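Student: Provided below for reference: sequence and predicted model.
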Amino acid sequence: MIHAVLIFNTSGIPRLTKFYTPLHQSSQTLIQKIFSLISIRPAGLCNFLDAPELEAFLGPKDGSDERWRVVYRNYATLYFVFVVDGAESELGILDLIQVFVEGLDRHFENVCELDLVFHFDEAHHILAEIIQGGLVLETNGDEISNSVKQASKARRNSFASANPLSLGSGAGGPRSGSLQTPLGWLTDRLAGVATR
């Protein structure tokens, strides 16, 4: 099971956090602990490590001697970190991180740290298309991209139909083609185009 998905920069500042199991201590302390574990590792070492230090945060494994594992990838200035248990394959999680990064990259067209800061809701939506409740739902990049685009379009349409001042055509219906937006009406009045 995937217990946490974290993205933080090379300074340790979290940019996305999602926990699938309850924490026994603060999330900020957990992020600092994970950052201290992986930031000191040389680039030549593998991208996963056993982390018995996390038992204080996530609790001990149920009656087994399995340890928590941290699987991560470093892309430019960001660390993508998954905290998993022994039921997950480390190489499979590395592939899943790649799928997540490619999903972000498709949506934001060359994703950067500021995209995660200013569009955190969209980043969470992409993650939710891939993982729900700590289990992997989808790994096909085209399916993920299409679902995110459809949800984004539905959100825009909902906003346009609910907001009378939006620049769209309004709520739709048989007469919506003849309706004019408030901005259009004001522009026509100021330009003297209005009918008398």
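Tutor: Perfect, I can see it now.
Student: buried residues in the helix or strand where residue 79 lies?
Tutor: Element membership for residue 79, per DSSP states H and E: strand 78-84. By neighbour count on 16 or more other C-beta atoms under 10 Å, the buried set for strand 78-84 is 78-84. (Each C-beta comes from the backbone N, C-alpha and C, glycine too.)
Student: Need the contact partners of the very next helix or strand once past that strand.
Tutor: Downstream of strand 78-84, the first helix or strand assigned by DSSP H and E is helix 90-108. Around helix 90-108, the neighbours that count as contacts under C-beta atoms under 8 Å, 6 or more residues apart in numbering are 2, 5, 47-48, 69, 71-73, 75, 80, 82, 84, 111, 115-116, 119, 122-123, 126-127, 129-131, 136, 139, 141, 144-145, 148.
Student: Where do the strands of the chain begin and end?
Tutor: Along the chain, the segments classed as strands by DSSP state E run 2-9, 14-19, 48-50, 69-75, 78-84, 131-132, 135-136.
Student: Next, report how far the strand holding residue 79 is displaced from the centre of its chain.
Tutor: Mean C-alpha position of strand 78-84 versus that of the full chain (C-alpha atoms, centre = their mean, to the nearest Å) differs by 12 Å.
Student: That strand to helix 90-108, inter-axis angle?
Tutor: 140 degrees (axes from the mean of the first three to the mean of the last three C-alpha atoms, to 10 degrees).
Student: pLDDT on strand 78-84, on average?
Tutor: What strand 78-84 shows for mean pLDDT is 93.
Student: what do you get for stretch 150-159?
Tutor: pLDDT averaged over stretch 150-159 gives 84.
Student: Out of the helices and strands in this structure, which is least certain?
Tutor: In the chain, no helix or strand scores lower on mean pLDDT, DSSP states H and E than helix 55-58, which sits at a mean of 69.
Student: Using JSON lines, lay out the buried residues of strand 78-84 together with distance to residue 57.
Tutor: Below are these laid out as JSON lines (distance: C-beta to C-beta, whole Å):
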{"residue": "78", "distance to residue 57": "22"}
{"residue": "79", "distance to residue 57": "17"}
{"residue": "80", "distance to residue 57": "19"}
{"residue": "81", "distance to residue 57": "13"}
{"residue": "82", "distance to residue 57": "15"}
{"residue": "83", "distance to residue 57": "9"}
{"residue": "84", "distance to residue 57": "14"}
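Student: which one of these is nearest residue 159?
Tutor: residue 78 (29.7 Å; C-beta to C-beta).
Student: ok, the closest one - contacts?
Tutor: 7-10, 15, 113, 116.
Student: Could you dump those into a markdown table and include pLDDT?
Tutor: Converted to a markdown table, the contacts of residue 78 look like this (pLDDT from 0 to 100):
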| residue | pLDDT |
| --- | --- |
| 7 | 94 |
| 8 | 92 |
| 9 | 91 |
| 10 | 90 |
| 15 | 92 |
| 113 | 91 |
| 116 | 91 |
